[in-house]
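1. Here is a sequence together with a model predicted from it:
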Amino acid sequence: MFERRWLTNNGPLVQEFEARVRTLVGTRHCVAFCNATVGLEVLGRAARLTGEVIVPAFTFVASAHAFEWLGLTPVFCDVLEATHTIDPDQVEALISPRTSAIVATHVWGQPCAIEPLQAIAKKHNLRLFFDAAHAFACSSGGKNVGGFGDAEVFSFHATKFVNCFEGGAVVTNDDELARDLRLMRNFGFAGTDNVVSRGTNAKMPEVCAAMGLTCLDSLNDIIECNRRNYRAYHALLGALPGVSVFQYDVREQNNYQYVIARVGPDAPLTRDELARVLEAENVLVRRYFFPGVHRIAPYSGRDTVPHLPVTERLCAEVMALPNGTAVSEADVQRVGEIVRTAFAHAPAVRQKLANG
Ligand SMILES: *Cc1c(COP(=O)(O)O)cnc(C)c1O
């Protein structure tokens, strides 16, 4: 890259990265972006979305912010208790004459209820997109995530399964959409001195593609490590009262990047208490997703708070545990031991937390 002195502007490494993703996912097009949020924004422009976009409330804030940034209105939908993904029946109930798209998140890499969403989108003539930020190398019904709906968006942020430092990609089988995404990613340039559409600067630089390519080379090793940790967490925490670990469908492919513990009402400590105990022990847990996106600015300032009981419960009860290649089996054992000990001394722990 440095010898070539080609550092950005659709260089050979970005092209190679796009080709590798395309091949892995099985879509006709992969358009790399500087990150997934801007990928979603450019997708919203390229698809000429208007009015309202139905999104889950249980997702990362970027799933809604990307569309709000375009002047569209995110409409928040509840999710299914079992899969944490958007509830298709409730999607249909939220469709209005202003709705132009459904953008569903494959939360934790767990694919959405794809067929019902496809049927609803078709029936109401809406675009269907997936925020697949968590779901690279996951499958649904044996088919790879990436080929569903009109387009899907991956994130390759440093915290995600495939790491480009910062990066994202929109994958699609729609030729026209892919052409517009490529134009808009690069200021609308169709050739030197020839700007043919509106656009922005959303390009992925070469160094990010190089990083992504090294991750793609060790994809199976990363999955193996994630799965080993996931199973160890499952064995340790799943045995504790009131705690369950989010289960992936073993018949499907998954990247096992997310280990999600649910701390229910029967547990000796609440999720918030347990998160504080773990943080005090230097364990980097995250209360993903807390609070729901509908409770975050600017959406929290709306006149009415939507009624989203499943989202509210999940936001109060789940947390993401550390995973990835930097986490060893011994680390997982330690987390298990901390939780077990905290539960065994729950009244004293609660008292100590209350005293600050
Ligand atoms: C990380 C994430 C994004 C944003 O990805 P960036 O590449 O950081 O912009 C969007 N949606 C979800 C669900 C995410 O987890």
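-> Perfect, I can see it now. Residues are numbered from 1 along each chain as shown.
2. Was I right to think Glu329 contacts Arg227?
-> No: counting by Cβ atoms under 8 Å, Glu329 does not reach Arg227; the two are 11.7 Å apart. Using the backbone N, CA and C atoms, a C-beta is placed for each residue, glycine as well.
3. So for these two, which sits in the more crowded spot?
-> When neighbours are counted by other Cβ atoms under 10 Å, Glu329 and Arg227 differ, and Arg227 comes out ahead with 16 against 12.
4. What is the three-state secondary structure of the residue nearest to that one when sequence neighbours are not counted?
-> Once flanking residues are discounted, Arg227 sits nearest to Tyr256: 4.5 Å by Cβ to Cβ, 6 or more residues apart in numbering. Following DSSP: H, G, I helix; E, B strand; the rest coil, the label given to Tyr256 is coil.
5. try the one 5 residues further on
-> Under three-state DSSP, the three-state class of Ala261 is strand.
6. longest single strand anywhere in the chain?
-> strand 99-105 (DSSP state E).
7. helix or strand right after that strand?
-> Toward the C-terminal end, the helix or strand that comes next after strand 99-105 (DSSP states H and E) is helix 114-123.
8. next one: that following helix to chain centre, how far?
-> Offset of helix 114-123 from its chain centre (Cα atoms, centre = their mean, to the nearest Å): 21 Å.
9. Give the partner strands of whatever helix or strand Glu152 lives in in its sheet and their orientations.
-> According to DSSP H and E, Glu152 maps onto strand 151-155. Strand pairing for strand 151-155, determined by DSSP bridges: strand 127-131 (parallel), strand 168-172 (antiparallel).
10. Mind checking what helix or strand follows the first one in sequence?
-> So the one you mean is strand 127-131. With secondary structure assigned by DSSP H and E, strand 127-131 is succeeded by strand 139-140.
11. ok, then the element right after that next one?
-> strand 143-144.
12. and that following strand, which strands flank it?
-> With DSSP bridges as the test, strand 143-144 is paired with strand 139-140 (antiparallel).
13. can the strands paired with strand 151-155 go into TSV with extra columns for distance to the ligand and mean neighbour count?
-> As requested, these are arranged in TSV below (distance: least, Cβ to the nearest ligand atom, whole Å; neighbours: other Cβ atoms under 10 Å):
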stretch	distance to the ligand	mean neighbour count
strand 127-131	5	25
strand 168-172	5	28
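14. Make a markdown table from the ones you listed and add distance to Arg251 and mean pLDDT to it.
-> Shown next, in a markdown table, are those (distance: least, Cβ to Cβ, whole Å; pLDDT from 0 to 100):
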| stretch | distance to Arg251 | mean pLDDT |
| --- | --- | --- |
| strand 127-131 | 20 | 99 |
| strand 168-172 | 23 | 98 |
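15. Mind putting these into TSV with distance to Asn10?
-> Conversion of the strands paired with strand 151-155 to TSV gives the following (distance: least, Cβ to Cβ, whole Å):
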stretch	distance to Asn10
strand 127-131	23
strand 168-172	13
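16. Arg28 is nearest to which of these?
-> With Cβ to Cβ as the criterion, Arg28 lies closest to strand 168-172 of these, at 7.3 Å.
17. can you list contacts of the closest one?
-> Residues outside strand 168-172 that contact it (Cβ atoms under 8 Å, 6 or more residues apart in numbering): 18, 21-22, 25, 27-39, 42-43, 133, 146-147, 150-157, 178, 181, 204.
18. among these, which ones are buried?
-> Among the contacts of strand 168-172, those classed as buried by 16 or more other Cβ atoms under 10 Å are 18, 21-22, 25, 27, 29-39, 42-43, 133, 146-147, 150-157, 178, 181, 204.
19. Could you list which of those residues also contact the ligand?
-> Near the ligand, judged by Cβ under 6 Å from any ligand atom, the entries from the buried ones among the contacts of strand 168-172 are Asn35, Ala36, Thr37, Ala133, Ser155, His157.
20. Excluding covalently adjacent residues, which one is nearest to the fourth one?
-> Once its chain neighbours are removed from consideration, Ala133 has its nearest residue in Ser155; the separation is 3.7 Å (Cβ to Cβ, 6+ apart).
21. wait, doesn't that neighbour sit right on Ala135?
-> No: with contacts counted by Cβ under 8 Å, Ser155 stays clear of Ala135, the gap being 9.5 Å.
22. Flag every residue of this structure that's near the ligand.
-> Neighbours of the ligand within the chain, by Cβ under 6 Å from any ligand atom: 35-37, 59-60, 62-63, 105, 131, 133-134, 155, 157, 168.
23. May I see the residues you listed arranged in TSV, with distance to Val79 as well?
-> Shown next, in TSV, are the residues of the chain next to the ligand (distance: Cβ to Cβ, whole Å):
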residue	distance to Val79
Asn35	24
Ala36	20
Thr37	21
Thr59	9
Phe60	13
Ala62	17
Ser63	12
Thr105	9
Asp131	13
Ala133	16
His134	14
Ser155	19
His157	22
Gly168	23
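24. so which of these comes closest to Val277?
-> Closest approach between the residues of the chain next to the ligand and Val277, by Cβ to Cβ: Phe60, at 24.7 Å.
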